[in-house]
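S.K.: Structure here, sequence nowhere to be found:
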């Protein structure tokens with residue numbers, strides 16, 4: 001009985017050092033680049049340091065919410081978000097619901113030379129995840145206007161996507 005108690009206590013203590021996020025991206029396709037990006041994005045979504053960095057942001061453009069409030073909403077979200085590929089791209093990726101991210105077959109994760117870059121792909125997935133979490137609430141509390149980054153760099157999706165991209169680059 002005593003060894004079982006020690007094991008259970010150890011599991012509890014170890015779990016306290018991890019983020020309690022239940023926000024998970026799911027990809028069931030066969031593209032290895034997408035699968036790898038989803039796996040890395042899920043690692044970041046379960047990282048306490050990711051949420052700590054978001055909490056440091058005092059204000060986002062186009063939102064009255066603080067980094068603390070957005071991080072709390074993301075970290076407490078209990079949502080599985082499917083990542084699916086779309087055939088006709090208008091943009092790299094899009095999210096219009098709380099449970100699905102659509103990514104472009106031809107544009108996802110590519111740099112300006114057309115090469116797949118993991119950090120760019122993860123940035124995109126996390127950016128779209130922020131939109132999905134926003135849809136869980138009201139759908140417009142921490143988003144941006146339009147699909148271009150110009151003038152949008154200080155909105156929650158763009159800033160949080162950039163945090164994720166830096167985390168990928170720092171872990172090389």
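M.R.: Good, I have the coordinates. It should be emphasised that the depicted structure is a prediction, and the values quoted were computed from it without experimental measurement. Numbering: from 1, shown residues only.
S.K.: Every contact and neighbour count from this point should use C-alpha atoms.
M.R.: Fine.
S.K.: what pairs with the longest strand seen in the chain, and is each one parallel or antiparallel?
M.R.: Looking across the chain with DSSP state E, the single longest strand is strand 78-86. The strands beside strand 78-86 in its sheet (DSSP bridges) come out as strand 22-26 (parallel), strand 100-104 (parallel).
S.K.: so of these, which one's packed in deepest?
M.R.: For the strands paired with strand 78-86, average neighbour numbers computed from mean count of other Cα atoms under 10 Å are highest in strand 100-104, which has a mean of 22.
S.K.: What is the subsequent helix or strand relative to it?
M.R.: Elements were assigned by DSSP states H and E; along the chain past strand 100-104, the next helix or strand is helix 118-136.
S.K.: Chain neighbours aside, what residue packs nearest to the residue nearest the centre of the chain?
M.R.: In the chain, the centroid-proximal residue (Cα atoms, centre = their mean) is residue 126; its distance is 2.4 Å. Counting by Cα to Cα, 6 or more residues apart in numbering, residue 126 lies nearest to residue 161, which is 5.2 Å off, once chain neighbours are set aside.
S.K.: Please point out which parts of the helix or strand in which that neighbour is found sit buried.
M.R.: In this structure, residue 161 sits in helix 156-170 according to DSSP H and E. Residues 156, 157, 158, 159, 160, 161, 162, 163, 164, 165, 167, 168 are the ones in helix 156-170 that count as buried (16 or more other Cα atoms under 10 Å).
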